[in-house]
Structure formats: structure tokens, C-alpha cells
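> Based on what follows, work out the 3D shape:
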Amino acid sequence: MSAPDPPRIGLGWDRHRLEPGRPCVLGGLEIDSPLGPAAHSDGDALLHALTDALLGAAGEPDLGSLFPDSDPAWKDAPSTRFLEEALRRLRARGLEPWSADLVVVCDRPRLAPHRDRLRRALAALLGLPVDRVNLKGKSTEGGPGGDRIEVTAVVLAGPAA
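Numbering: from 1, shown residues only. Reported below is the predicted structural model:
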């Protein structure tokens, strides 16, 4: 009998320019904001980074390779579809997400008023207790990059129970 796979770590990163008139979708939720991400899909940078982290832990290709922005099938697609496919691929390898840690950098929208709701939504999407999903918001302090949202995600995955 072979030993189970050791835990794996996946790292994901995404960034989108913010523009007026676009819906602001984060973690699969619409956030009240005058700015939203410019993107081919819904531009959910939180789920894009998380999806890439899951794919990385699974040893799979990245988000852009699986869901290219040159493919009209993904135009305005909800990023929950990308996340679901990443989870399917992870589980096909006998792995489950064990925890996730995410950092969001943006000046607008402010993350603090939405943080708990976003953590609960992410935990539900991942099938994890809320205390296994961490979400931190950072500001550019008015520096360069205040017109975009940037997310880094780290996932720990291990054998399914």
C-alpha cells in the first residue's frame, strides 16, 4: 500500500484595472462600488487568484491556459465556474483544500465592511469552516496602483479524508 500524497501548496495572483461602470464582483459577491474590474470574464480577482492557487496545488495548468480571454465562451463568465473546475481537478487527484489565505490590495472598494461576508462566501465555495479561510485587505496608501485591485492567494491542500 502506498503512502498518501503529502500536503501541497498552491500560489495564485491576479490583478485587474478598475473602471467606472463595471460591476465590482469579489468572492462571487457583488460589492457596492463605483468602480469594477476591467476583464473578459466578471473580473473577480479574488476568485481568479484563488483558482490559480488551487490549480497550482493540483499541479494543473493556470487559469489563463484553461479559460483564455481569447475564447468567447468565457465572455462575462462568473468566476465561480473557474473555481468549481479547479476544485474538480484538485479532487480528481484525491486532494481537498485544507486552508486558504488571501491578501487584497486596493484603495476602493474598502474591504473591511465586506470582509466577514467575503470570508463566509469563500469558505462555502471551498467547503471549509470559516476559520480556515483568511482574508486581509491592504491599501496602496494613495500611492501608485490605486486604480486597480490585486490579489495574492495561498492554498494548502491535502489528501481527502
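> contacting residues for the residue lying closest to residue 8 once chain neighbours are set aside?
Take residue 8 and drop its neighbours on the chain: the residue closest to it by C-beta to C-beta, 6 or more residues apart in numbering is residue 57, 4.4 Å away. Bear in mind the C-beta positions are built from the backbone N, C-alpha and C, glycine included. For residue 57, the contact set (C-beta atoms under 8 Å, 6 or more residues apart in numbering) comprises 8, 9, 10, 90, 95, 97, 155, 156, 157.
> ok, and for the helix or strand hosting residue 57, which residues are buried?
Element membership for residue 57 (DSSP states H and E) is helix 45-58. Of the residues in helix 45-58, 45-58 count as buried by neighbour count, 16 or more other C-beta atoms under 10 Å.
> got the residue ranges for the strands in this structure?
Taking DSSP state E, the strands of the chain run over residues 8-20, 24-26, 29-31, 35-37, 95-105, 133-138, 148-159.
> want to throw these into a markdown table with mean neighbour count and distance to residue 86?
Below are those laid out as a markdown table (neighbours: other C-beta atoms under 10 Å; distance: least, C-beta to C-beta, whole Å):
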| stretch | mean neighbour count | distance to residue 86 |
| --- | --- | --- |
| strand 8-20 | 17 | 9 |
| strand 24-26 | 25 | 17 |
| strand 29-31 | 16 | 18 |
| strand 35-37 | 23 | 19 |
| strand 95-105 | 20 | 9 |
| strand 133-138 | 17 | 15 |
| strand 148-159 | 21 | 9 |
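> now the chain, which segments are flagged as low pLDDT?
Low-confidence segments of the chain (pLDDT under 70): 1-4, 143-146.
> Just want the most central residue of it.
residue 47 (2.3 Å; C-alpha atoms, centre = their mean).
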